[in-house]
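Visitor: here's my sequence, what's the structure:
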Amino acid sequence: MNNDEIFSHKLFLLGKFTASLIHEIRNPLSVIKMNLEFLNLLKSELPPEAKDSIQSCEEATKRLIFLIENFSDFSKKQPSELSICNVNEITQVAVNISQVNASRLNLYIETDLSPSIPSIYFHKDKMLHVFLNLLNNAIEADNKTDRIYVRTYLRTIDDKQKIVWEIEDSGTGIDYELGDKIFSDFFTSKKKGTGLGLGVCKMLLEQYNAEIHFESEPGKGTKFFVFFDTSSLRNDYAKQNTDY
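Guide: Here you go, the predicted structure:
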């Protein structure tokens, strides 16, 4: 069996497994959602720390529901459901969700979000998915310091204004020879995992003319960069809504 046949077989098995997994997840997720709604009724009686935890759980539950309901949409090649997105606001939501897990490892996510970042047309849930995935990877990177840094800023590249979303960890880094293999489906260096995370991120971003790149120094840490081309995103959205 050659590599293409092996890859096709993996996709076939993944499809069957995913359908079964989604079915099994729905019921316990519904129970979690109902219990969170009940806890919301008791918020006035809870300490501030508990209220923050409930809010983080609610955001995480919403993300799970989004993934379940839209998993098949990941394979689509055409953008859909574009809306005006504030990158900084979505970043802050992702950071608030991720800080719960980071705190368990005594990590703090420090942000430096430029106020000059313009709003762009994108799919909000998919942008959130990408940010959460990159944050989770940074948290799991065996960091040598207690800080993970997330930044947004503007940069002109090839005469085009880009929004840059950057995350920096102080983990073990990525070996040079791996290169862009980390964005390939089913590739993972983790003991547990499907190897789909970064591949899905890359695919979701490419649907909206965005790019993802990384810089890494083994033993010192990694930076991931997401580049949003503001002008092309606006043009694509306009075309989508005027092309009858």
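Visitor: okay, residue 121: pLDDT?
Guide: At residue 121 the predicted local confidence, pLDDT, stands at 88.
Visitor: swap in the one 10 residues further on?
Guide: pLDDT, residue 131: 94.
Visitor: repeat for the one 10 residues further on
Guide: If you check residue 141, the pLDDT there is 86.
Visitor: what do you get for residue 234?
Guide: Residue-level confidence at residue 234 comes out at 50, pLDDT.
Visitor: just the residues contacting the helix or strand containing residue 222, thanks.
Guide: Element membership for residue 222 (DSSP states H and E) is strand 221-229. Contacts to strand 221-229, defined as Cβ atoms under 8 Å, 6 or more residues apart in numbering, come from residues 87, 120, 122, 130, 134, 137-138, 141, 143-144, 157, 160, 162-171, 173-174, 205, 208-216. Where you see a C-beta, it was placed from the backbone N, CA and C, and this is true even at glycine.
Visitor: next up, the contacts around the residue positioned nearest the centre of the chain.
Guide: The residue lying closest to the centre of the chain (Cα atoms, centre = their mean) is residue 130, at 2.0 Å. Contacts of residue 130 were listed using Cβ under 8 Å, 6+ apart, and they are 201, 204, 205, 212, 226.
Visitor: find the nearest non-adjacent residue to the third one, please.
Guide: Nearest residue to residue 205 in three dimensions, chain neighbours excluded: residue 212, at 5.5 Å (Cβ to Cβ, 6 or more residues apart in numbering).
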